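> Just the structure for this:
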Amino acid sequence: MIGIDLVEVDRFDNLVLFDKIGREEERDYVFGVKNDNLKRQKLTSLFCVKEALVKALGLGGSGVSMKDFCLCHDESGRPEVKLYGKAKEVFEKNFPSKQIAVSLSHTKKYVTAIAIIC
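I've put the predicted structure just below:
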């Protein structure tokens, strides 16, 4: 299964949105930089990767919370995802012994993310 999303950074000019979509462990990722545009890019990245995950898992319209997903990075900086709540339940039930790979890319104007269950 594959999910992909593309979002304009300007849609996320309000950093307060973090409280609706972000987990505490993602706070440094977004707010750990001084440049406001880069903060918006990172916030948009959170939303974008979570939307791609919703699509890959087939959870659209299910009421899953954006906080059921956590974007993190390994020691080399490669993005990874942790699942919680309903997202974790669905993944474990429908995709046993599978893994999730995610990739993100962003510019000053756009962020794209892809999630692949393999």
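> May I have the distance across stretch 13-26, first residue to last?
Distance between the boundary residues of stretch 13-26 (Cα to Cα, to the nearest Å) amounts to 18 Å.
> Buried residues in it, which are they?
Across stretch 13-26, burial judged by 16 or more other Cβ atoms under 10 Å covers 17, 18, 21, 22, 23, 26. Bear in mind the C-beta positions are built from the backbone N, C-alpha and C, glycine included.
> Can you list the neighbours in contact with stretch 61-69?
The contact list for stretch 61-69 (Cβ atoms under 8 Å, 6 or more residues apart in numbering) reads 20-23, 46-47, 49-50, 53-54, 81-88, 90.
> rerun at 7 Å
Applying Cβ atoms under 7 Å, 6 or more residues apart in numbering, the contact partners of stretch 61-69 are 20, 21, 23, 50, 53, 54, 81, 83, 84, 85, 86, 87.
> Regarding that stretch, how distant is the last residue from the first?
End-to-end distance of stretch 61-69: 16 Å, with Cα to Cα as the criterion.
> same thing with stretch 17-26?
Distance across stretch 17-26, first residue to last, is 13 Å (Cα to Cα).
> Show me how far it is from its chain's centre.
10 Å (Cα atoms, centre = their mean, to the nearest Å).
> Stretch 48-61 too?
Centroid displacement of stretch 48-61 relative to its chain, using Cα atoms, centre = their mean, is 9 Å.
> With stretch 88-96 instead?
Here stretch 88-96 is found 18 Å from its chain centre; the criterion is Cα atoms, centre = their mean.
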